[in-house]
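> Return a 3D structure for these sequence lines:
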Amino acid sequence: MKKISILLALCTGLFAHHGVPSISLAGVEGPGAPLETTSSSTLPEGSLLAYLKVDHAKYKTYTSTRDGEAESSEYFMYGLGYGFNSYFSAYVFVPYYIKSQDDAFSTSGFHDISFQFVLGMKYDDGLMLTPSSESLDDMQDWHFTTSFSFTLPTGNSNATMPDGSLIDAGMQTGFGEPSFMLGLSATKWFGNDWTLVGDVSYNTFLENTYSDGSKVRFGDEFRLNTAISYMLYSKPASKLRLDFNMEANYLHLGRDIENGSGANATGGEMIYLTPGARLSYKTTSVAVGVKLPTWTNLNEEDLQQGAEGKEDYRLIFTFSALL
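Purely as a prediction, here's the structure:
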């Protein structure tokens, strides 16, 4: 059997409502890696991954007047990952957000730092930890990861307007309290140009008490992502690869709780379709995709301008390098 090694790392960050990252990783040969859906790979032992993601969200506005509708957001995610061994990797992510309204009001700053721990497994006549070296035949086995993430409240959750009143919780750059996420992923490479990837995750938040005494607990989040990756071009001798990805991203947002009661105009469910492409060269990778809200069922659809599901589009770019 032909032996291969991991030649480069491809990393994605899932910029959802509250900025929880996810990871994808692949080599020049073997399975592909989507943009938003987490693949089931871990970092090579002793390797360091540097990562950047930019997510530009453009929201629909429903009036021509400058009445404080959310207009756009830019999410930057800076990350570092380390492979402790072939089946366990850890990551730290530092997000930076810019949120703008159509009346020129905006907030910006570093959001809550997050940490993620990933355990890799595969199924080959039984479930086992991801080995340090696999043949191309071995890489056609089902691979899995399970992950745990949490954030620490390093961002500012008590920013104020010039008159001293608190800025809306949704425009703050911090949650004020930790959040926690569990995730699972599965990947099947068919031994040719096609790879099937899926993941599921659940994210929950603690209630935060703001400086004015008000309390908010953001609604829990459930995600189910599926993706097909197709290798358009590959030149192993040059360690060059180009993939096309098509993804379906389902998100259920629970209703926020404000001062003990369900908050109006929050929560719902939606599906995005995300076509994209990834170019990999040696140990670096760039990926571009556009995330399009295709179906929504928001709790108060007409009142949730600026919420997830109300975007015109989200333009996503990632860069990663294995050091």
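> For beta bridges, what are the partners of His56?
Going by DSSP bridges, His56 is paired in beta bridges with Glu74, Leu315.
> same check, this time on Ser280
Arg241, Ser285.
> Is it correct that it is in contact with Glu29?
No: Ser280 sits out of contact with Glu29 when judged by C-beta atoms under 8 Å, with a separation of 10.8 Å. Where you see a C-beta, it was placed from the backbone N, CA and C, and this is true even at glycine.
> which one of those two has more residues nearby?
Ser280 (25 against 18; other C-beta atoms under 10 Å).
> quick one: the more buried one from Gly30, how far?
12 Å (C-beta to C-beta, to the nearest Å).
> Touching both of those two, which residues are there?
Residues touching both Ser280 and Gly30 (C-beta atoms under 8 Å, 6 or more residues apart in numbering): none.
> Give me the nearest residue to Ser100, chain neighbours excluded.
Ser106 (4.2 Å; C-beta to C-beta, 6 or more residues apart in numbering).
> Count the neighbours of the one you found for me.
Neighbours of Ser106 using other C-beta under 10 Å come to 14.
> who touches it in this structure?
With contact taken as C-beta under 8 Å, 6+ apart, Ser106 is in contact with 98-100.
> What about those residues, which are in strands?
98-100 (DSSP state E).
> Now list the buried members of these.
With neighbours counted by 16 or more other C-beta atoms under 10 Å, those contain buried members at 99-100.
> So which of the ones in strands among the contacts of Ser106 is the closest to Ser179?
Lys99 (18.2 Å; C-beta to C-beta).
> Any idea what that closest one is bridged to?
Going by DSSP bridges, Lys99 forms beta bridges with Ser73, Thr107.
> from here on, count from 30
New numbering, starting at 30: the last item is Lys128.
> tell me the contacts of it?
By C-beta under 8 Å, 6+ apart, the neighbours of Lys128 are 99, 102, 135-137, 200.
> Any stretches of the stretch 130-279 of the chain with poor pLDDT?
Counting by pLDDT under 70, the stretch 130-279 of the chain shows no low-confidence range.
> switch the cut-off to 90
Where the stretch 130-279 of the chain drops to pLDDT under 90, the residues are 130-136, 161-168, 188-202, 220-221, 263-268.
> the helices in it, which residues?
For the stretch 130-279 of the chain, applying DSSP state H, counting those that start in this stretch gives no helices.
> so where do the strands sit in it?
For the stretch 130-279 of the chain, the strands defined by DSSP state E, counting those that start in this stretch cover 135-139, 143-152, 156-158, 163-164, 171-180, 208-218, 223-234, 237-238, 244-246, 250-264, 269-282.
> distance between the ends of stretch 69-89?
In stretch 69-89, first residue to last residue: 35 Å (C-alpha to C-alpha, to the nearest Å).
> and that stretch, how far from the chain's centre?
Distance of stretch 69-89 from the chain centroid (C-alpha atoms, centre = their mean, to the nearest Å) equals 8 Å.
> could you dump the ones in strands among the contacts of Ser135 to a markdown table with distance to Ser69 and pLDDT?
Formatted as a markdown table, the ones in strands among the contacts of Ser135 follow (distance: C-beta to C-beta, whole Å; pLDDT from 0 to 100):
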| residue | distance to Ser69 | pLDDT |
| --- | --- | --- |
| Ile127 | 33 | 91 |
| Lys128 | 33 | 84 |
| Ser129 | 36 | 82 |
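> from the ones in strands among the contacts of Ser135, which is closest to Leu211?
Lys128 (27.3 Å).
> Can you read off the backbone torsions of the residue nearest to Leu195 when sequence neighbours are not counted?
Closest residue to Leu195 apart from its sequence neighbours, by C-beta to C-beta, 6+ apart: Asp241 at 5.3 Å. Torsion angles at Asp241 (phi, psi; degrees, to the nearest 10) stand at phi -90, psi 10.
> Tell me, how many residues neighbour Asp241?
10.
> How far away from the center of its chain is stretch 230-243?
The answer for stretch 230-243 is 21 Å, by C-alpha atoms, centre = their mean.
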